[in-house]
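Trainee: The following comprises the amino acid sequence and a computationally predicted model.
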Amino acid sequence: MALLLPSDYEYPLPKMYRVRQDFPAAHLSERQIVPLLRGQLETQSVRDAIKPGMKVAVAVGSRGIANLPLIVKTVLQSLKDLGAFPFIVSAMGSHGGGTEEGQRAVLAGYGITEAAMGVPVVTSVDTEVIGHLRDGRPLYFDQAALHADRIVPINRIKLHTDFIGDLQSGLAKMLVIGLGNQRGCSSIHETPPEHFAAILEEAARKILSVAPVAFGVAILENAYDETADLSVLPADTLLEQEKQLVRRAIVYMPRLMIPQIDVLVMEEMGKDVSGAGFDPNIVGRSSARDKFLVPIPEIERMVLLDITDASHGNGIGIGLFDVMLKRIFPKLDLPAIYTNAIACRCIEDARIPLMAKNEEEALRIAIKTCRHADRDHLRVVRIKNTLQLAEIEVSEALLPVVFRNPQLTCQGPV
């Protein structure tokens, strides 16, 4: 049965144009990363924290981070040079289906394997209770990391998808949720979004007072998905320094500079792009919040064309789209999605959108269901994902917006 009427195909789809968005572009080359990081790992504070013979758990998460294998391997080598015995632990909460095998597969997808890193990779999801929050909730922590002599989390600092606070997505969240595994993730996510930032800081301070965290490695990325800066944060000042890095992350953040959009077409979403599949701070859609720290466009309909291979079927966030291509459905690992959605209290994100047989049908369905669109002046934007926003496509009706903004450059028709 056809979803659209013959008349729905009688008008032409808008002509699209390539547009470049310009953002702050400072970044580190691969040649700069190693000396910058090793220099910070050779300080006296690091030497005081890491002694020969110590077993050091290096925590790595489920995000697609630029230069992640190089950064992790540099940290591992520096620890070895200090006489320590490092190993990698997965720190991704309920991601990877909350299972040992699933989390190992996620790490392998980013090149984090025993063969590549030269150290053991432990993905056990066993936890221990290391304390309680003021409201009585137990605080869970990864057993393998807890029994190490020292812990070193590595993570990117960026705005979180579901809450606003001084601490957002980064090292503190990795300690609390990533290393809390599925039980810890589920427990912390019982917190309402408006109180999440306070609970995150309380839990992180408790962990830092109990667990043997030596230091954290904080990564900043620019809007072009490139490494912008690296910082080694000692445990005793980790939270305060991370708050400063959150403010810097806001400056680096990409955004869509088109203020009003009838239909946004997203080529892909995935766990390697964002924990929510896509970044709500870019498109303004979230099941958990309605306020944002950066300007967001008004978008009436969103269309999804695919999910990334690195998601391993976890299409969490798909429920916030209006239309998706039918070919996506067989790729979805529903148990992984449901596990993630239940743990995060965001089952809206696990719903299945209307499915279209191809891209044209999806776009025409989205246009037809827009309540305020002018078919003669359709405002359509196409992006790859919410990480890669330097190159976008816009419909002809949006060219006046492009020409008025000095940060936007039209590069010709598609």
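Mentor: That came through fine.
Trainee: which residues does residue 367 contact?
Mentor: Counting by C-beta atoms under 8 Å, 6 or more residues apart in numbering, residue 367 touches 262-263, 301, 373, 375, 378. From N, CA and C alone the C-beta is placed, and that goes for glycine too.
Trainee: do the same with residue 325
Mentor: When the contact criterion is C-beta under 8 Å, 6+ apart, the partners of residue 325 are 304-306, 355-359, 362.
Trainee: Make CSV from those residues and add neighbour count and pLDDT to it.
Mentor: Putting these into CSV (neighbours: other C-beta atoms under 10 Å; pLDDT from 0 to 100) gives the following:
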residue, neighbour count, pLDDT
304, 25, 99
305, 22, 99
306, 18, 98
355, 16, 98
356, 22, 98
357, 12, 97
358, 11, 97
359, 15, 98
362, 27, 98
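Trainee: Narrow those residues to those in helices?
Mentor: The helices in this structure, assigned by DSSP state H, contain 359, 362 from those.
Trainee: Return the member of the contacts of residue 325 nearest to residue 324.
Mentor: When those are ranked by distance to residue 324 (C-beta to C-beta), residue 304 comes first, at 4.3 Å.
Trainee: looking at it, that closest one is touching residue 352, isn't it?
Mentor: No. Using C-beta atoms under 8 Å, residue 304 is not in contact with residue 352, being 10.9 Å away.
Trainee: shared neighbours of the two, which are they?
Mentor: Overlap of the contact sets of residue 304 and residue 352 (by C-beta under 8 Å, 6+ apart) consists of 318, 324.
Trainee: ok so, going back, and of the contacts of residue 325, the nearest to residue 288?
Mentor: For residue 288, the nearest member of these is residue 304. The distance, counting by C-beta to C-beta, is 19.2 Å.
Trainee: measure the residue sitting nearest the centre point of the chain to residue 412 for me?
Mentor: Computing the C-alpha centroid of the chain and ranking residues by C-alpha atoms, centre = their mean puts residue 274 first, at 2.6 Å. Residue 274 sits 30 Å away from residue 412 when distances are taken as C-beta to C-beta, to the nearest Å.
Trainee: Setting aside sequence neighbours, what's the nearest residue to residue 184?
Mentor: Leaving aside its chain neighbours, residue 184 sits nearest to residue 140 (3.5 Å; criterion: C-beta to C-beta, 6 or more residues apart in numbering).
Trainee: just checking, what packs against the host helix or strand of that neighbour?
Mentor: Assigned by DSSP states H and E, residue 140 belongs to strand 138-142. Packing partners of strand 138-142 (3 or more C-beta pairs under 8 Å, 6 or more residues apart in numbering; DSSP states H and E): strand 127-132, helix 181-188, helix 193-210.
Trainee: Quickly, which of those bottoms out on average pLDDT?
Mentor: Out of the helices and strands packed on strand 138-142, the stretch the model trusts least by mean pLDDT is helix 181-188, with a mean of 88.
Trainee: how big is the angle separating it from strand 127-132?
Mentor: For helix 181-188 against strand 127-132, the angle between stretch directions is 30 degrees (axes from the mean of the first three to the mean of the last three C-alpha atoms, to 10 degrees).
Trainee: and residue 338, which of the three is it?
Mentor: The local conformation at residue 338, judged by DSSP: H, G, I helix; E, B strand; the rest coil, is helix.
Trainee: excluding its backbone neighbours, what's nearest it?
Mentor: The shortest distance from residue 338 to any residue that is not its chain neighbour, by C-beta to C-beta, 6+ apart, is 5.9 Å, and that residue is residue 350.
Trainee: How much space separates the one you found from residue 270?
Mentor: Using C-beta to C-beta, one obtains 15 Å as the distance from residue 350 to residue 270.
Trainee: which residue ranges form the helices in the protein?
Mentor: Counting by DSSP H, one finds helices in the chain at the ranges 30-41, 44-49, 68-81, 100-109, 114-117, 143-146, 171-173, 181-188, 193-210, 238-252, 280-283, 334-343, 359-369, 399-404.
Trainee: hang on, the earlier thing: among the contacts of residue 367, who's most crowded?
Mentor: With neighbours set by other C-beta atoms under 10 Å, the maximum within those is found at residue 263, which has 27 neighbours.
Trainee: Enumerate every residue touching it.
Mentor: Listed by C-beta under 8 Å, 6+ apart, the contact partners of residue 263 are 299-303, 363, 366-367, 370, 373, 378-381.
Trainee: do that again at 7 Å, thanks
Mentor: For residue 263, the contacting residues are 300-301, 303, 363, 366-367, 370, 380, taking C-beta atoms under 7 Å, 6 or more residues apart in numbering as the criterion.
Trainee: any idea how far it lies from residue 366?
Mentor: From residue 263 over to residue 366 the distance is 5 Å, taken as C-beta to C-beta.
Trainee: again, but for residue 407
Mentor: The separation that residue 407 has from residue 366, given C-beta to C-beta, amounts to 27 Å.
Trainee: same deal with residue 342?
Mentor: Here the criterion is C-beta to C-beta. By it, residue 342 lies 29 Å from residue 366.
Trainee: No more questions from me, cheers.
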